[in-house]
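> okay, here's the prediction I keep looking at, along with the sequence it came from:
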Amino acid sequence: MEKHEVKQRALARYKQERDWFAFLLQAAEYMDTPEGKLQVKMLRILLESKQNVIDCVEQDKPFVAAYFCTAPELFTAMDLPWFMIMETPFLAASAPYILEDLQGTEELGLGTDLCTAIRLPIYYIETGQMPVPSAVIGLLSPCDGTTMLQQVLQHNKAWHDVPIFCPDPPYKSDERAINYFANELRQMVRFVEKHTGHRLEIDRLRAVCEESNRTYALWQEYNELRRAVPSPHGWEIGGPQAFGVSQCFRAGDPRCTDWFRQLLECGEERVKAGRGANDYAPEKIRLLWFDIMPHGWIQEFMPWLEQEWGAVLVMDMFSNFPYTMIDTTSEETMFHDLAKRNLIDVPMIRQARGTAENFSGDIIRMVKDYKIDAVIWPGHMGHKDGAATAGIMRETCRDLGVPFLHIGVDLFDKRYTSVDEVKAKVSEFFSGMGLG
Amino acid sequence: MSFDDQISRVATHLTELRANGRAVREFRLPASADALRQGVPVRLGPGANPRIILRSETFIELGSPAAGSCALVLWTGNPALIADGRLTVVGPDIPEAAGASLPFGQILLVGGQELTDAEHQTVAQTQYVADQIEGYMVKSSSRNIWSRVSHGAAAKGFCFETLGRSLMAIYKSSLPKVQAMEVVFVTSSREDVLGLAGMAQEVREIGAEIVKEHWKAKGYDLDCDLDCRSCHDKEVCDDIRKVAAARLRKEKGGSATAAPPARESREADGPAPIGGTDA
């Protein structure tokens, strides 16, 4: 496919996705609740970031493709629009065309044992449905699949002359590793400056990092609220959105901070009033969902958990807060702390990049802090690294005396394990463990 | 493994703080868990703090990122290294700092003849007291202690002696192998607290090794086998090292004498597999 053809095709798809979110926004505007207003605010931030990318494509302005874990504060500081290569599975898995696209990945010959979050972007690249950026920031962790994604785009005709830089994530998590990765981020900045013409001013980076700190401080404060019994929110608000707003659209932006401020106020009100996540289904089981949310079938499953079992998703891997703030004293401290955050703290990378102790340590802490009654490791088919540590998680939960369930699902494709099957397994688990 | 070396360095650190004119107070607390509990003005035990402490209910915050925080749990199999029941407070106490956000260093020294690596994770995790102290909440931060004392607890006389007694009582009652325990709190300044950061990093690294060995004994490897002699990727790895070294030389202003093999460079301007020439 020629470049101009890809441009038109990718624009059409990207606009279709934008319009999907615009439709969700229209629906959210009818929700006259504080939580509904939060959804509206978040969707506006998301839509703006989408529109920025569309503008860049249409007007031939520079923008990059990157990931939530490649220090997005740097892009904000450089005033550089960006989009996440895995954006559709992470943010738009509820879109009506997803099943058709999944079918498309199979017709393309991609193995169905390949992580769907990687398979979909490969499909979009190969079929010319992803905007071709000015430069790519690639990802070499947490799994082999992400590395392969970079290889695919380098061999695609429309992408093969797009410059790419992949910050190299070391295996360890000590100071040496953090300093090494900080240097990788510096090189990433030089690379981005060279290929986009956008410059990084250190004072601007400081301002963005300070804003990011304000955002994260509010997130942490909010997370404390989820320790309350009953938890003020469940799956519907506060968890995955917090991850999205802080890392996926425009990190270190006052509007994101404002979203968290509102989230916190909203949560505090519910805690003060003793209100749980679902006014019609009292909290009976406090759940830890230790993975990405099941974005492909979330609406069919999560409300059922609350209504049928009173099982409230109090915490999940992406809502967890292991972050530390960025010390803005100097350029060196900022890069050091951005490196720490993006190498050690961010979800999935935290668990699966290096040694496996966080699979155990994080569960211990979350179970204790959030009064968790049961831990579910959904066992996403793409998380083969995690599958290797299911034994560690099970042993950890056994030591804690907390029931542990390993299912085996595709978080984005409900054809892998049907939602009914998942419900049956979960019901059997709750009954067998005397939780329901 | 144990933390005997770090335990002796804590004493040195305290001596230095004294020499630098910091206000240091020492308390002698009873040895038994029951006697420790008797002097605590708030409820203690699972569920003693059933509610979270909201911002509006906070009397004082300890160890916020802005104020500075550092937490260490050091255990030893030689209880003689620990002055059982000693509580040392460097800097202002809780009642003296209403409404403040104080820097916070917390050092727990734990001794027991039967303490081994097998207990390490439990000993380290017990510092996160969850809901066991009425009016006291440790926030869910990852490496340090960031906590809150409520107005209600402060009104009942919650101070560092309360916290020290509570921590000692919790440790001694939940971990029967603990024979001696000493607690140090530092609130004098951010610098005094962050002066412990280097030791905290060492402790984390030793702790990670202990945890790794613990899981290995159970039949699980947390870590990959990094023995270069048996690794199939040694050749690639050696090439990458050469690239990294050459790049470092280039950055420092020297010439990169060894030209990097194209396939290992991670930056590409053209159609090369993961890499290509340096842009």
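It's in.

> where do the helices sit along the stretch 101-250 of chain B?
Assigned by DSSP state H, counting those that start in this stretch, the stretch 101-250 of chain B shows helices spanning B:120-125, B:151-155, B:160-174, B:190-194, B:197-217, B:234-251.

> how about CSV for those, with mean pLDDT, mean neighbour count and distance to A:Glu48 added?
The C-beta positions use only the backbone N, C-alpha and C, and glycine is treated the same way. Shown next, in CSV, are these (pLDDT from 0 to 100; neighbours: other CB atoms under 10 Å in any protein chain shown; distance: least, CB to CB, whole Å):
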stretch, mean pLDDT, mean neighbour count, distance to A:Glu48
helix B:120-125, 93, 19, 42
helix B:151-155, 97, 18, 41
helix B:160-174, 97, 23, 46
helix B:190-194, 95, 18, 38
helix B:197-217, 91, 17, 39
helix B:234-251, 85, 14, 37
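
> make JSON lines from these and add distance to B:Ile133 to it.
Output for those, formatted as JSON lines (distance: least, CB to CB, whole Å):
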{"stretch": "helix B:120-125", "distance to B:Ile133": "16"}
{"stretch": "helix B:151-155", "distance to B:Ile133": "8"}
{"stretch": "helix B:160-174", "distance to B:Ile133": "5"}
{"stretch": "helix B:190-194", "distance to B:Ile133": "21"}
{"stretch": "helix B:197-217", "distance to B:Ile133": "23"}
{"stretch": "helix B:234-251", "distance to B:Ile133": "49"}
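
> and those: which comes nearest B:Ser141?
Among these, helix B:197-217 comes nearest to B:Ser141, with 13.2 Å by CB to CB.

> got the CA positions of that closest one in CSV?
Extracted C-alpha coordinates of helix B:197-217, given in CSV (Å, rounded to 0.1, in the frame of the first residue of the first chain):
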residue,chain,number,x,y,z
ALA,B,197,18.4,6.5,52.1
GLY,B,198,21.7,4.9,51.1
MET,B,199,21.3,2.4,53.9
ALA,B,200,17.7,1.8,52.8
GLN,B,201,18.9,1.0,49.3
GLU,B,202,21.4,-1.5,50.6
VAL,B,203,18.7,-3.1,52.8
ARG,B,204,16.4,-3.4,49.8
GLU,B,205,19.0,-5.1,47.8
ILE,B,206,19.9,-7.6,50.5
GLY,B,207,16.2,-8.1,51.1
ALA,B,208,15.6,-8.9,47.4
GLU,B,209,18.4,-11.5,47.5
ILE,B,210,16.8,-13.1,50.6
VAL,B,211,13.4,-13.2,49.0
LYS,B,212,14.9,-14.7,45.9
GLU,B,213,16.6,-17.5,47.8
HIS,B,214,13.4,-18.1,49.8
TRP,B,215,11.4,-18.7,46.6
LYS,B,216,14.2,-20.8,45.2
ALA,B,217,14.0,-23.1,48.2
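
> adding distance to chain A, write the helices of the stretch 101-250 of chain B out as a markdown table.
Listed next are the helices of the stretch 101-250 of chain B as a markdown table, based on distance: least, CB to the nearest CB, whole Å:
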| stretch | distance to chain A |
| --- | --- |
| helix B:120-125 | 6 |
| helix B:151-155 | 15 |
| helix B:160-174 | 12 |
| helix B:190-194 | 10 |
| helix B:197-217 | 5 |
| helix B:234-251 | 8 |
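
> which among those helices is found nearest to A:Pro121?
Per CB to CB, nearest to A:Pro121 of the helices of the stretch 101-250 of chain B: helix B:234-251, 25.9 Å.

> and the helices of the stretch 101-250 of chain B: which comes nearest A:Thr127?
Between these, helix B:234-251 lies closest to A:Thr127; by CB to CB that is 32.4 Å.

> what are the phi and psi values at the closest residue to A:Gly379 other than its chain neighbours?
Among residues not flanking A:Gly379 along the chain, A:Gly408 sits closest, at 4.5 Å (CB to CB, 6 or more residues apart in numbering or on different chains). Note on A:Gly408: its backbone torsions stand at phi 100, psi 90 [degrees, to the nearest 10].

> around chain B, which positions in the stretch 201-350 of chain A sit nearby?
Applying CB under 8 Å from any CB of the partner chain, we find that the stretch 201-350 of chain A lies next to chain B at A:213, A:217, A:220-221, A:223-225, A:227-229, A:268, A:271-272, A:321-325, A:345.

> in helices only, show me those.
A:Asn213, A:Ala217, A:Gln220, A:Glu221, A:Asn223, A:Glu224, A:Leu225, A:Glu268, A:Val271, A:Lys272 (DSSP state H).

> just the buried residues out of those residues, in ChimeraX syntax.
Here is the ChimeraX command that selects the buried residues among these (16 or more other CB atoms under 10 Å in any protein chain shown):
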select /A:213,217,220,221,223,224,225,268,271
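
> will you turn the ones in helices among the residues of the stretch 201-350 of chain A next to chain B into CSV that also has pLDDT and distance to B:Glu182?
Formatted as CSV, those follow (pLDDT from 0 to 100; distance: CB to CB, whole Å):
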residue, pLDDT, distance to B:Glu182
A:Asn213, 96, 34
A:Ala217, 93, 33
A:Gln220, 93, 30
A:Glu221, 93, 32
A:Asn223, 95, 32
A:Glu224, 94, 30
A:Leu225, 95, 35
A:Glu268, 95, 38
A:Val271, 95, 37
A:Lys272, 94, 39
